[in-house]
Structure formats: structure tokens, C-alpha cells
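Student: based on what follows, work out the 3D shape:
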Amino acid sequence: MNHPLLYEVHTRQWLAELGAHDLTAVRDDVLDALAALGVTHLWLMGVWPTGPRSREQARTHEALRRAYSDALPGWRDDDVRGSPYAIAEYRVAPELGGDAALATLRARLARRGIGVILDFVPNHVALDHAWVRTDHVVAAEMGFPDSFHEGTRYIAHGKDPYFPGWTDTAQLEYRRAATRSAMRDVLSAIAERCDGVRCDMAMLVLPEVFERTWQHVPCEERAAEFWGEAIRAVRRAHPGFVFVAEAYWGLEGRLCELGFDYAYDKELYDRVVHDRPADVAPHVYGLHAENARRAHFLENHDEPRAGALPLDLHRAAALLVMALPGMRFLHHGQLDGARRFARIQLGRRAVEPIDAGVRELYAQLLPAIARSSVGQGDPRLLVPQPAWDDNPTAGYLTIVKWPRDLAVVNLAPHRAQCRVHLGEQGMWRLSDRLGGERWERDLSQPLFLDLPARGAQLFELQRMT
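Tutor: Numbering: from 1, shown residues only. You can find the predicted model right below:
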């Protein structure tokens, strides 16, 4: 079982920050630093081009213009590059150096053991995409909600059924077999240029979701399964290709059954960042083996920055998401404690002061993780037992045993104790990689653990006898 470490960058903002004119100009020391963190996959979010119509929508949308001022004070119109999720064509944008520049960067990353993840947006395309003029989009002769007039018909904007449509996009028609086939071809073409894809809002094209969302727009065909055959087709040509689903609504497991390697663990994110410590362990232990099919994170480009979390909670939660089985997921700016939400439509982000506490947190945690066995082999979730009668605090603890390490996290704002069976025999030395504790314990017996409020410990396990 693989437990990759994904690092997301907003490609245009990242290059602007580095002073790099395109993907070929990323310095070696930047790539070396990613490798030193233990990164296995770099997600280059937003390499595909937007078009002038979609960019104009992003520039003139009043709510977005207000949001840009919060994200980037003093922004200018030419900072608005359009949403990376309003894609005009699946080729690397010329201003980023085109497909050749991506290939060069991919080869440099591969020499460091890092694969490239790119975006695949199954649900919609930009207003500028050539398919807007074809039957590949949801359309009707009469207007309907979340549609726009184009030629002799009305075309749907791409949408989540619970929110207004995205006005810089056109909705693809998954009830048509020809559209599903064309999108499988797009996915196969992307797979020639990278090592995996993050699939935006992957659940929207599930047949039952799609039919329910678009039942008010007639179509003579019916939606059918897309993901299973699309994933199998890519894997026939690229056996190690990685599929990551952005997914919600309890459909994560369904998408993994269809072939996704990992699906977002948004439920864990919500319980952690909204400080619901009593709800975290039940979620983790409830998923059990399915934790290994989830992408665990404290932030990404869609979520508020984790830098606003209290430092002690941030520290404990960071160990939790890094030590759980599955995909570990970091976001550019997270390691420096960035606070401003970086709007994806913008080509640069605000310069912020570094949060020394957050930087020190990750400067200690990530090298410790890299030296440990976390992410290697087959981990086990260990269920904590009450340390004594009438002590319920074991329910706040999450414990993961890796081959040579034991990660223990208490997200509660109070001490928590438990006893836990490690399944070992004889005397062992336990050394906390994140602190000064050193124990010698007979692990034939249940191990007693007592963690402070929002405590996080990563014990190296060394057999003595």
C-alpha cells in the first residue's frame, strides 16, 4: 500500500513568487527542498489555459472583485487570469512554457522521485472551449436557470446542484455517449503528460447525481457510468497512474470502488478545523481500512488557511493528517502559516509575514516524519482502551502504529489517557521524535499513554530484548 505525500501549488502564483518566467525556470534548490520534505507528488494546479471570455467573467463578477481585494490588496485587472477550472483546452498554457516545458520539469522532478499531478475537470469546460458549439454541452432551445444564450440555443453553466452555476463555464452533457467517450480520450491524453490527476468535483458526473441535477433539461439519452471504464483505460497504458477524487456527500467510497486511489477526507477536515475533538476518533476508526483510500489535509485551495488555527491544535492536527494511512496532503503557503485565502483566479498572491510558530512546527514535524517509518509499509490503527474505569478520555485519542513508529494524537483541550495493545513482545525503547520523552516498556502488556491537551507524539520503537 502506498501512502504518498502530495504538495499542491497554484502554478501561476508559485512561478510569480519564484520569479520564474515559465515551468523550465523553476530552480533546482526549490525542487530539492520538496524532495527533502519527503514529497512524492507535486500537484501543479492550473496549468491549462483559460480563454478570454472566461477571464472576462472572472474580471467583472462583482462578488469575486470584492474577494480579490481581501486576497490581494491593490490587485489590478491584469492580475485576474481566470479560474483554473474554466479550461479552454487541455494543453499547457503558452505563458507557462507549453507542453515541452512541463515535460522538462516532469523529468527533473522524476530524478528526485517526485511525480506530477495535473487537473482533470470532468464536469464542465470554459466558455471559450470549442465544444461549446457542439452537442457535448447541456443545451435547450428555451432558456432555463443557470443558462446563457449562445447562437440559437441556451447552454447550461457548469454547476454543483446546491449552488448557482459557475458563470465562466459550460456544462458537459454526460447523458450523451459521445461526450463520455470524448472525455475518456481527454483523460487518456492528459495521462501521457503526468503521473496522476486530481479530478475536480468527481461525484458530479456519477449517473444518479447527473440525472438529478439536469432532469429539467431534456435529453434523448441517459447518463451512464463514466469513471470505471475511463480509469481502466488509463491504467492499461499507465499501470501506476494515480487518481485523486475531490468528493463529498458520502460518495467517497463509491468513487474508490470505481477505481480512484484516493478521495478527499473532507469529513476529517471539518471535524478538526472546527475543533470538534470528540468527533475525530469516531470518524477515523469508523473508516478503518478506508483511511488508506483518503487524502487527508488541513488546507487546500478551496479551504481557509490553516494558519489561523491555534498553534497547539495545528501541531496536533498536522501530525494526525501526516500519520494516518492514505495520501498526506500539503498546500503551498501552509508551512509558513499563510493566512490570506489565495483566490484561484489571480496570477499572484499577497506577500505575507512568516508565522514563526507555524514554520517551526513544520520544521520539526516534517523531518521527523521523513526519518521515521510513517508512510512506509502497512500501518495499523490501534483502538485505545480506557486507562481506568470512569475515564472517558481515551475516546479523544487517535493511535497509528507504523513498522517502527507509533503516532499518538490528542485533539482535546484537556489531558487524555488510555491503554493500548501494540501487539509486540518483550522490552522496547520508545523515543519521542518530537520531544524529549524516553521510555523502556514491556510491550507484552498494554501500554499506558497520558497526553497533554492537544498533545502529539511520534515514538520511534526499538526492540531491546
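Student: CA atoms for contacts and neighbours, from now on please.
Tutor: Noted.
Student: what about residue 348, distance to residue 354?
Tutor: 17 Å (Cα to Cα, to the nearest Å).
Student: again, but for residue 426
Tutor: Residue 426 is 46 Å from residue 354, by Cα to Cα.
Student: between residue 348 and residue 354, who's got more neighbours?
Tutor: residue 348 (23 against 14; other Cα atoms under 10 Å).
Student: remind me which helix or strand the closest residue to the more buried one other than its chain neighbours belongs to.
Tutor: Nearest residue to residue 348 in three dimensions, chain neighbours excluded: residue 13, at 4.3 Å (Cα to Cα, 6 or more residues apart in numbering). Using DSSP states H and E, residue 13 falls within helix 11-18.
Student: what residues does that helix touch?
Tutor: 21-23, 26, 44-47, 96, 346-349 (Cα atoms under 8 Å, 6 or more residues apart in numbering).
Student: ok, now with 7 Å
Tutor: By Cα atoms under 7 Å, 6 or more residues apart in numbering, the list of residues contacting helix 11-18 from outside reads 21, 22, 44, 45, 46, 47, 347, 348, 349.
Student: next, the buried residues of it.
Tutor: 11, 12, 13, 14, 15 (16 or more other Cα atoms under 10 Å).
Student: what does stretch 203-212 give?
Tutor: Neighbour-count burial for stretch 203-212 [16+ other Cα under 10 Å]: 203, 204, 205, 206, 207, 210, 211.
Student: same thing with stretch 279-288?
Tutor: In stretch 279-288, counting by 16+ other Cα under 10 Å, buried: 279, 280, 281, 284, 285.
Student: same thing with stretch 136-149?
Tutor: 136, 137, 138, 139, 140, 146, 147, 148.
Student: equivalent analysis for stretch 373-384, please.
Tutor: In stretch 373-384, counting by 16+ other Cα under 10 Å, buried: 373, 374, 375, 379, 380, 381, 382, 383, 384.
Student: span of it from start to end?
Tutor: 21 Å.
Student: helices of the stretch 351-465 of the chain, start to end?
Tutor: Ranges of helices within the stretch 351-465 of the chain are 356-371, based on DSSP state H, counting those that start in this stretch.
Student: where does it dip in pLDDT?
Tutor: Within the stretch 351-465 of the chain, no stretch falls below the threshold (pLDDT under 70).
Student: helices or strands next to the strand ranked longest in the chain in the packing?
Tutor: Looking across the chain with DSSP state E, the single longest strand is strand 456-463. The contact analysis (3 or more Cα pairs under 7 Å, 6 or more residues apart in numbering; DSSP states H and E) places strand 456-463 against strand 405-410, strand 427-432.
Student: for residue 290, which of the ones you listed is the nearest?
Tutor: Distance to residue 290, taken as Cα to Cα, is lowest for strand 405-410 among those, at 18.3 Å.
Student: parallel or antiparallel, list what pairs with the closest one.
Tutor: According to DSSP bridges, strand 405-410 has the following sheet partners: strand 397-402 (antiparallel), strand 456-463 (antiparallel).
Student: angle of the longest one against helix 356-371?
Tutor: Between strand 456-463 and helix 356-371, the angle comes out at 20 degrees (axes from the mean of the first three to the mean of the last three Cα atoms, to 10 degrees).
Student: tell me which residues in strand 456-463 are buried?
Tutor: Quick answer for strand 456-463 (16+ other Cα under 10 Å): 456, 457, 458, 459, 460, 461, 463.
Student: go on, stretch 296-309?
Tutor: Taking 16+ other Cα under 10 Å as the criterion, stretch 296-309 shows 296, 297, 298, 299, 300, 301, 304, 305, 306, 307, 309 as buried.
Student: return the subset of those lying in helices.
Tutor: Among the buried residues of stretch 296-309, no residue falls in helices (DSSP state H).
Student: and those as TSV, adding pLDDT?
Tutor: Shown next, in TSV, are those (pLDDT from 0 to 100):
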residue	pLDDT
296	98
297	98
298	98
299	97
300	97
301	97
304	95
305	96
306	96
307	94
309	96
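Student: and residue 236, how many neighbours?
Tutor: Counted with other Cα under 10 Å, residue 236 comes out at 10.
Student: ugh, typo on my part, it should be residue 198
Tutor: 22.
Student: only the C-alpha atoms, please, for whichever strand or helix holds it, written as PDB.
Tutor: Residue 198 belongs to strand 196-199 when assigned by DSSP H and E. Provided in PDB are the C-alpha atoms of strand 196-199 (Å, rounded to 0.1, in the frame of the first residue of the first chain):
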ATOM      1  CA  GLY A 196      -1.700  11.300 -11.900                       C
ATOM      2  CA  VAL A 197      -4.800  13.600 -11.900                       C
ATOM      3  CA  ARG A 198      -6.800  15.300  -9.300                       C
ATOM      4  CA  CYS A 199     -10.400  15.100 -10.500                       C
END
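Student: from the chain's centroid, how far away is it?
Tutor: Centroid separation for strand 196-199 versus its chain: 10 Å, with Cα atoms, centre = their mean, to the nearest Å.
Student: packing partners of the next helix or strand after it?
Tutor: Elements were assigned by DSSP H and E; along the chain past strand 196-199, the next helix or strand is helix 207-213. Counting contacts by 3+ Cα pairs under 7 Å, 6+ apart, helix 207-213 packs against no other helix or strand.
Student: so what touches helix 207-213?
Tutor: 161, 204, 223, 224, 225.
Student: repeat the analysis, applying 6 Å as the threshold.
Tutor: 161, 223, 224, 225 (Cα atoms under 6 Å, 6 or more residues apart in numbering).
Student: are any of the contacts of helix 11-18 buried, and if so which?
Tutor: By 16+ other Cα under 10 Å, these give 22, 44, 45, 46, 47, 347, 348, 349 as buried.
Student: quick one: which of the residues you listed is nearest residue 337?
Tutor: When these are compared against residue 337 (criterion: Cα to Cα), the nearest one is residue 349, at 14.0 Å.
Student: next, the contact list for the closest one, please.
Tutor: By Cα under 6 Å, 6+ apart, the neighbours of residue 349 are residue 342.
Student: please, which helix or strand holds it?
Tutor: Judged by DSSP H and E, residue 349 forms part of no helix or strand.
Student: ok, it to residue 119 distance?
Tutor: From residue 349 to residue 119 the distance is 20 Å (Cα to Cα).
Student: what of residue 45?
Tutor: For residue 45, the distance to residue 119 - Cα to Cα - is 6 Å.
Student: also residue 393?
Tutor: 42 Å.
Student: do the same with residue 105
Tutor: Taken as Cα to Cα, the span from residue 105 to residue 119 is 16 Å.
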